[in-house]
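Undergrad: Give me a 3D structure for the following:
(4 chains)
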Amino acid sequence: MTIDILYFAWVRERIGLPRETVETQAATVAQLVEELRAREDRYEVAFADLSALRVAVDQDLAEFDAPLDGVREVAFFPPMTGG
Amino acid sequence: MTIDILYFAWVRERIGLPRETVETQAATVAQLVEELRAREDRYEVAFADLSALRVAVDQDLAEFDAPLDGVREVAFFPPMTGG
Amino acid sequence: MAVRVQSDPFDLGAEANAFVAAQAGGMGAIVTFTGVVRDVAGGLQAMEIEHYPGMTERALHKIEDEARDRWQLGDVLIVHRHGRMQADEMIMMVATAARHRADAFEAAQFLMDYLKSRAPFWKKEHTGQGADWVAARDEDEDALKRW
Amino acid sequence: MAVRVQSDPFDLGAEANAFVAAQAGGMGAIVTFTGVVRDVAGGLQAMEIEHYPGMTERALHKIEDEARDRWQLGDVLIVHRHGRMQADEMIMMVATAARHRADAFEAAQFLMDYLKSRAPFWKKEHTGQGADWVAARDEDEDALKRW
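TA: Residues are numbered from 1 along each chain as shown, chains lettered A, B, ... in the order given. Reported below is the predicted structural model:
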């Protein structure tokens, strides 16, 4: 399946791009992360500490074990600091 | 001694005047209240239920047993409803 | 620090903007509370507010001093009207500035709770059926217990 | 109900006055919170706020819906800027209207607590020494536990 992946804040800066489209068979966000980490060092660096990351699935906050079935958009970013 | 007495809200309306100056030997606010109640019916009516009244002595909230020594101004009014 | 008691209307927007502009650089959190004349039952012709000149300002300053002892605050503003006003007119406002939002929020709530029950204002509602002094609410007295 | 995410500055005073004017007759209590860019250490050249278009609006509406489930509210307004701004500029504001002041205060605090940690905004501070993403504070995450 085809999924849009978005990166924000320092995750975007470490990976070096704001979004990309991937073709994946990953069943969960965690499996998608493993696929990305295996690609290149910059992904390995960005995803080194998952406790420092948050994930949104189709624009709702989610956990790393969230399923990807039917999902169109996954976003990775640090804890939010608005307000 | 000479004391200015002020009345506010329905206390003012029941007594029929906003302020008056009295000559008194009362030692406490409660004794002053007894002197006033003895004067006329309208005072008796206004001071019938002390739990419905508040008192300020020289512009600070006080209790009915507050001493009057050196005091220049005593005010009686219902519980406050600002804001 | 400013306490104003006045019969004239005030402009919340102008007060709020001026309040923010006057803060020192570190004050990132600004809270305002505004009280508006409510016409709950329908038929309110006027709200009349009586106060105790002299004691009012004294009481408001004491309440502000107390808030400053409890929280780290920048400026504090209290504006309260007296006299007659109509439904939907603004009665009063407070504003607080602090580095952290918890301080600004709590101080504003504290100011309001004390102002309600400890500052010498009395409200009278005029309707077609006559005029009645607003009774103090037990909840307002109870609200003081949390501080 | 209004949620606005914008790069342009907003006018707190104009927003606050329009918010009060738009309320139905029973809403006697209005609370606003305004967040201002702080330059705590001195030397802040700019604050940059990144957000997640689409999810941001969605998250803010969810937070507002949650507040409406918990308190009796009139209107709610949330305005949040993104992009670059300077020290002392206003970053964001919320406003709440309610019949009773406790509802207006609590709802505004709730909106702020959730907005801080659950709406996708990220702050970056630019100084003479470079640029750093602002770290989330444990206190902000802890603040959610009271609700």
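Undergrad: Distance-wise, check A:R54 relative to D:W147.
TA: Remark: distance between A:R54 and D:W147 (CB to CB, to the nearest Å) = 19 Å. C-beta coordinates here come from the backbone N, C-alpha and C atoms, glycine included.
Undergrad: Those two - which one has more neighbours?
TA: Neighbours per residue, other CB atoms under 10 Å in any protein chain shown: of A:R54 and D:W147, the larger number sits with A:R54, 21 against 12.
Undergrad: Might you report the residue contacts of the more buried one?
TA: A:61, A:76-80 (CB atoms under 8 Å, 6 or more residues apart in numbering or on different chains).
Undergrad: ok, 10 Å please
TA: A:R54 is in contact with A:8, A:11, A:61-64, A:75-80, D:117-118, D:120, D:136, counting by CB atoms under 10 Å, 6 or more residues apart in numbering or on different chains.
Undergrad: Over to A:R72?
TA: A:1-4, A:57-59.
Undergrad: Now for the residue lying closest to C:L44 once chain neighbours are set aside, how many residues are close by?
TA: Spatial nearest neighbour of C:L44, chain neighbours left out: C:A87 (5.0 Å); criterion: CB to CB, 6 or more residues apart in numbering or on different chains. Neighbourhood size, C:A87 [other CB under 10 Å]: 18.
Undergrad: Quickly note the distance from C:A87 to chain B.
TA: 17 Å (CB to the nearest CB, to the nearest Å).
Undergrad: does that residue sit in a helix, a strand or a coil?
TA: Under DSSP: H, G, I helix; E, B strand; the rest coil, C:A87 falls in the coil class.
Undergrad: Which strand or helix spans residue 45?
TA: The chain I'm using is chain A. Per DSSP states H and E, A:V45 falls inside helix A:41-46.
Undergrad: please go with chain C instead
TA: Judged by DSSP H and E, C:Q45 forms part of strand C:44-51.
Undergrad: which strands and helices sit next to that strand?
TA: Judged by 3 or more CB pairs under 10 Å, 6 or more residues apart in numbering or on different chains; DSSP states H and E, strand C:44-51 is in contact with helix B:9-15, strand C:76-81, strand C:83-85, strand C:90-98, strand C:121-127, strand C:130-133.
Undergrad: switch the cut-off to 6 Å
TA: Judged by 3 or more CB pairs under 6 Å, 6 or more residues apart in numbering or on different chains; DSSP states H and E, the packing partners of strand C:44-51 are strand C:83-85, strand C:121-127.
Undergrad: partners of that strand, with directions?
TA: Here strand C:44-51 has these sheet partners by DSSP bridges: strand C:83-85 (antiparallel), strand C:121-127 (antiparallel).
Undergrad: Pick the most deeply packed of the ones you listed.
TA: Ranked by mean neighbour count, the strands paired with strand C:44-51 are led by strand C:121-127 with a mean of 20 (mean count of other CB atoms under 10 Å in any protein chain shown).
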